[in-house]
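1. Model the structure of this input:
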Amino acid sequence: MADKNFRSFREYHAYLRSIVSQATLTKLSFAIRVEESGKKSTAEIFVDGSRFVFDDGAALRCYELVRIENGVIIRDRYAYHYQRPDGFYFRYDNDPLRAQPNVHECLHLHVNAESPRFPTHETDFEQIFQFILAVYYP
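-> Numbers count the residues shown, from 1 in each chain. Got it, this is the predicted structure:
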């Protein structure tokens, strides 16, 4: 997504919807909503109804606290939680408010448990969504 340039949160919202609409999962149900802060410099991105539901019953819950700087989306916080019908899950978090070196890394991954938290890279909705499609819905 490095080559994308956004002028507004609504434009980013439309971009997220376009990513999902390109998926060939016909029963995928979702709604994305944007709430701009009073400052007009940040917005929270949610998935209404708390999640995307895939046709096999799996779900993806998403949250992003974002701002736009020179057309670039900056994700100050996020959580992308994918859960299979059998209970298996993974979640990528950017959690600077609770970060503690070597205990609770700011960027971390949960796999089927709250602990341990595995240090990881910065990611975004598009990467997570494409990963899920490639692994679970080839």
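
2. Any buried residues in stretch 68-76, and which?
-> Residues 68, 73 are the ones in stretch 68-76 that count as buried (16 or more other CB atoms under 10 Å). C-beta coordinates here come from the backbone N, C-alpha and C atoms, glycine included.

3. Ok, stretch 109-128 next?
-> Of all the residues in stretch 109-128, those buried under the rule 16+ other CB under 10 Å are 109-110, 117, 123-125, 128.

4. Which of these fall within helices?
-> Among those, the ones falling in helices (DSSP state H) are 125, 128.

5. Just flag the most distant two among the buried residues of stretch 109-128.
-> Using CB to CB, those reach their maximum pairwise distance at Arg117 and Phe125, which is 20.3 Å.

6. In the chain, what residue spans correspond to helices?
-> Going by DSSP H, the chain shows helices at 9-21, 125-136.

7. of the ones you listed, which approaches Tyr80 most closely?
-> For these, the distance to Tyr80 is smallest for helix 125-136, at 4.4 Å, taking CB to CB.
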